[in-house]
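Chemist: Quick check, what structure comes out for this input:
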Amino acid sequence: MRQDDRQPEGDADGSGKRSSAVVVGGGLAGITSALALADAGLDVTLLEGRPRLGGLAFSFQRGELTVDNGQHVYLRCCTAYRWFLDRVEGAHLAPLQERLDVPVLDADRHRLGRLRRTALPVPLHLAASLATYPHLSLAERAAVGRAALALKGLDPADPALDSQDFGSWLAARGQSKRAIEALWDLVGVATLNAVAGDASLGLAAMVFKTGLLSDPGAADIGWARVPLGDIHDGLARKALDSAGVRTELRARVTSISRSENGGWRVEVPGETIPADTVVLAVPQAETHDLLPDGALDEPDRLLGIETAPILNIHVVYDRKVLKRPFFAALGTPVQWVFDRTDASGLAAGQYLAVSQSAAQDEIDAPVAALRERYLPELERLLPAAHGARVLDFFVTRERTATFAPTPGVGRLRPGAHTNASGLYLAGAWTATGWPATMESAVRSGITAARAALTALDRPHGHLFEEAA
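Modeler: Numbering: from 1, shown residues only. Presented below is the predicted three-dimensional model:
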């Protein structure tokens, strides 16, 4: 819904006074909530403690380069994030593949395989790719097919699945260590930020059923061809301004409390902002600290939602060493490699971003040690890197990049509603049913805004409904 489609001003009771909302947090969840509430006619203020929007999907300058803190992708099945891209008019800057096609390089065996789909219906759309996938034996491929059919029969919403780990489930269905490494973890580590043995079966089932077993095109990959900040900060700020949202950066909220008239007071240094509705769209620990007494029955459960790190290694070569836009790797510490040359603004040479999920063992490693480990591995994978000069090597670390998708985490994730009327929660860590992805963040923002608008008896538009 664009600004010219917004609902008439005034409360449902005809008082003529516009309902007001404060959204705390300017990541994707907060931006989404703010846009949806403003589109419905509320007077919205968005407060973000950082000097930019975008949360943990952002860009920064390093000399002449514009660098993303980490490589982020989405899939065609990510309908909420695609709604977000459309809403901020950025879909053309983050296009999807026409069809899923993932090159997979095995460093030990020096073989290239591909995971790609056809236009055939599920599950035949992946049959040809699996039948010729060179990184698994014939017996392993057959076993993968049987496990996929068993996975298709699971209900990700079943609470019993949340208490089990994905690795044990795979092993019980004949999946070899090689099959888990070359297929299940290849996908799962990147989407769940955990290896199969550390991941909730419920979340894993949701990822694989939705991405690979729901629609032939569901797993087609999209990613930003420009710096993420251009979309999540620049275009998002423009959309918020156009929607009439007051956006305040470097505005860290210190407390949230009830006002005398039953509304809310949101405190930032030097200002108290009144609101009828508040959406808390910040990480779980910060949410815990800001929640008023009684807002959740067991607020300390939020502190039980652990976090998981992601490490990104950035290498600038003096020449082109990779012809593909990206690839995944086996038989090496390297997981996924993307060419970010054009997006970064690099004029000569090539800039590669190496994305390392589930990076608990390396998140605090010195840059020198990471350089010593990863440059030879890139040379093993990319023969053209032999003899190429490394112009720059640097590391970005997100120690709390996602919530950890461990077995049992589902019972700890709260919904959008709280016990306090007019106070709602959003964030990728809330109970969206998805792992901690951009999709989960946007879905949570949509859910929180829908809950608020329902309580206010406000319609929320067909696009808003379609997104979730």
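
Chemist: for this structure, what are the low-confidence residue spans?
Modeler: 1-16, 460-468 (pLDDT under 70).

Chemist: need the longest helix for it.
Modeler: Longest among the helix segments of the chain by residue count, using DSSP state H, is helix 438-455.

Chemist: can you pull the buried residues of that helix?
Modeler: Within helix 438-455, the residues scored as buried using 16 or more other CB atoms under 10 Å are 438-453. (C-beta placed from N, C-alpha, C; glycine too.)

Chemist: Would you mind putting the CA coordinates of stretch 104-117 into CSV?
Modeler: Taking C-alpha atoms only, stretch 104-117 is exported to CSV below (Å, rounded to 0.1, in the frame of the first residue of the first chain):
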residue,chain,number,x,y,z
VAL,A,104,29.5,-26.8,-5.8
LEU,A,105,33.3,-27.2,-5.9
ASP,A,106,35.0,-30.1,-4.1
ALA,A,107,38.6,-29.0,-3.1
ASP,A,108,39.8,-32.5,-2.3
ARG,A,109,38.5,-34.2,-5.5
HIS,A,110,38.8,-31.2,-7.8
ARG,A,111,35.3,-31.8,-9.1
LEU,A,112,32.5,-29.4,-9.9
GLY,A,113,28.9,-30.3,-9.3
ARG,A,114,25.7,-28.4,-9.6
LEU,A,115,22.5,-28.3,-7.6
ARG,A,116,19.9,-27.0,-10.1
ARG,A,117,16.3,-27.4,-10.8
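
Chemist: Just the buried residues of that stretch, please?
Modeler: Taking 16+ other CB under 10 Å as the neighbour-count basis, stretch 104-117 is seen to contain the buried residues 104-107, 113, 115-117.

Chemist: Most widely separated two among these?
Modeler: The most widely separated members of these, counting by CB to CB, are Ala107 and Arg117 (25.0 Å).

Chemist: what about stretch 176-188, how long is it end to end?
Modeler: Across its full length, stretch 176-188 reaches 16 Å end to end, with CA to CA, to the nearest Å as the criterion.

Chemist: let me fix that: stretch 18-33
Modeler: Separation of the first and last residues of stretch 18-33 by CA to CA is 17 Å.

Chemist: The lengthiest strand in the chain - contacts with which helices or strands?
Modeler: Taking residue count as the measure and DSSP state E as the definition, the longest strand of the chain comes out as strand 390-403. Contacting strand 390-403 under the criterion 3 or more CB pairs under 8 Å, 6 or more residues apart in numbering; DSSP states H and E are the following elements: strand 307-317, helix 367-381.

Chemist: Distance to Ala251 and mean neighbour count for the ones you listed - can I get that in CSV?
Modeler: Written out in CSV, the entries for the helices and strands packed on strand 390-403 read as follows (distance: least, CB to CB, whole Å; neighbours: other CB atoms under 10 Å):
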stretch, distance to Ala251, mean neighbour count
strand 307-317, 24, 23
helix 367-381, 33, 16
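
Chemist: got those as CSV, with distance to Ile221 columns?
Modeler: Listed next are these as CSV, based on distance: least, CB to CB, whole Å:
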stretch, distance to Ile221
strand 307-317, 17
helix 367-381, 19
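
Chemist: Relative to Ala343, which of these is closest?
Modeler: Evaluated over those, closeness to Ala343 peaks at strand 307-317, with 12.1 Å, by CB to CB.

Chemist: Let me know the next secondary structure element after that closest one.
Modeler: Beyond strand 307-317 on the C-terminal side, the first helix or strand identified by DSSP states H and E is strand 326-330.

Chemist: For that next one, which strands pair with it and how are they oriented?
Modeler: strand 101-106 (parallel), strand 336-339 (antiparallel) (DSSP bridges).

Chemist: I'd say Tyr424 and His417 touch.
Modeler: Yes. Tyr424 lies in contact with His417 (CB atoms under 8 Å); the separation is 6.6 Å.

Chemist: Keeping just the C-alphas, turn stretch 441-451 into CSV.
Modeler: Output in CSV follows, covering the C-alpha atoms of stretch 441-451 (Å, rounded to 0.1, in the frame of the first residue of the first chain):
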residue,chain,number,x,y,z
ALA,A,441,12.6,-10.4,10.4
VAL,A,442,10.1,-9.0,7.9
ARG,A,443,7.4,-11.5,8.8
SER,A,444,7.8,-10.6,12.5
GLY,A,445,7.3,-6.9,11.6
ILE,A,446,4.2,-7.7,9.6
THR,A,447,2.8,-9.9,12.4
ALA,A,448,3.4,-7.2,15.1
ALA,A,449,1.8,-4.5,13.0
ARG,A,450,-1.1,-6.6,12.1
ALA,A,451,-1.7,-7.4,15.8
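
Chemist: Would you confirm that Ala416 contacts Thr430?
Modeler: Yes. Using CB under 8 Å, Ala416 is in contact with Thr430, at 6.6 Å.

Chemist: before we move on, back to that, list the buried residues in the longest strand of the chain.
Modeler: Of the residues in strand 390-403, those buried under the neighbour-count criterion (16+ other CB under 10 Å) are 393, 395-398, 401-403.

Chemist: Show me the two of these that sit farthest apart.
Modeler: Every pair of the buried residues of strand 390-403 checked by CB to CB; the farthest is Phe393 and Phe403, at 29.8 Å.

Chemist: and the residue lying closest to Gln284 once chain neighbours are set aside, what does it touch?
Modeler: By the measure of CB to CB, 6 or more residues apart in numbering, the closest residue to Gln284 outside its immediate chain neighbours is Leu302, 4.4 Å from it. Neighbouring residues of Leu302 by CB atoms under 8 Å, 6 or more residues apart in numbering: 284-285, 287-288, 296, 412, 414.
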